[in-house]
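**Student:** quick one, what's the 3D model for this:
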Amino acid sequence: QPPGRAGFSPGFSSGLWPGLWAPLVILVVGLASTAFTAHQESHHARTLAEAHYQAQHQALVHLLLARAPGPLEADSTSRDATQNWLQSVFSEALPPSMGVRVDTLARHTKRPLLQIRSDGPIDPTLALRTEVTSEHFRWMLTTVPARALMDQAAPTASRNVWIAGAGLTLIATLMALTLSRRLHTRTMEVSHLESQGATAEQQITNLQVEKSILRQALND
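**Tutor:** Sure thing, here's the model as predicted:
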């Protein structure tokens, strides 16, 4: 068996492939870039959700001012009429992801004029309040976003980035591993051929020496 054949195995060797640093770098850089991008997109998605919610709140304020009713009396009949009017205004215009509450500032009362999907305690960090003042009324308009509107936007964006980034990173890493294996196989084959060539050259040299010795002996 030629010396160059010892320990040779196509595609593998006892040590690490010489090109394994490339897929390792791709994997680390890909995951780090994906994590950074996911964080940025999550923050951006939450910012957009908050801006969208604020725009919806302002739209309700402008709608209320644009459709402001005439003089309102303080008796119960007028209050019921006001509640019915507010119900008709917000029933179609209120987005399904928001709740609204309208309180009068004309007198101290804890009973709201209108309350839609805003039962229970209101989170002050999410609720938006605007005083709506007209010639005939002073109301406080409070909107409450559905928690899913704020809590789901960021995780959804982060999950989408992780799916895309991790998928691309995995594909690139597998491609780099495949190329690294091929490079390792070709390197081992070249090394084997070089070893065989060196052995053949040594054999030729030995034959030439033997030939010279035999020729010298024949001449003698």
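**Student:** tell me which helix or strand in this protein has the weakest average pLDDT.
**Tutor:** Taking mean pLDDT, DSSP states H and E as the measure, helix 147-151 is the helix or strand of the chain with the lowest mean score, a mean of 69.
**Student:** what's downstream of that one, the next helix or strand?
**Tutor:** Per DSSP states H and E, helix 147-151 leads on to helix 153-219 as the next helix or strand towards the C-terminus.
**Student:** where does pLDDT dip in the protein?
**Tutor:** Counting by pLDDT under 70, the chain contains low-confidence ranges at 1-18, 69-78, 107-109, 119-124, 148-149.
**Student:** neighbours of Arg129, how many?
**Tutor:** By other CB atoms under 10 Å, 13 other residues sit near Arg129. Bear in mind the C-beta positions are built from the backbone N, C-alpha and C, glycine included.
**Student:** buried ones in the helix or strand it falls within?
**Tutor:** Secondary-structure assignment from DSSP H and E places Arg129 in strand 128-133. Neighbour counts using 16 or more other CB atoms under 10 Å place Leu128, Val132 of strand 128-133 among the buried residues.
**Student:** hmm, who's touching stretch 54-74?
**Tutor:** Applying CB atoms under 8 Å, 6 or more residues apart in numbering, the contact partners of stretch 54-74 are 78, 82, 85, 89-90, 93-95, 98, 100, 106-107, 128, 130, 132, 134-137, 139, 141, 143.
**Student:** again with stretch 127-147
**Tutor:** Stretch 127-147 is contacted from outside by 53-54, 56-58, 60-61, 64-65, 68-72, 96-106, 113, 117-118, 122-123, 126, using CB under 8 Å, 6+ apart.
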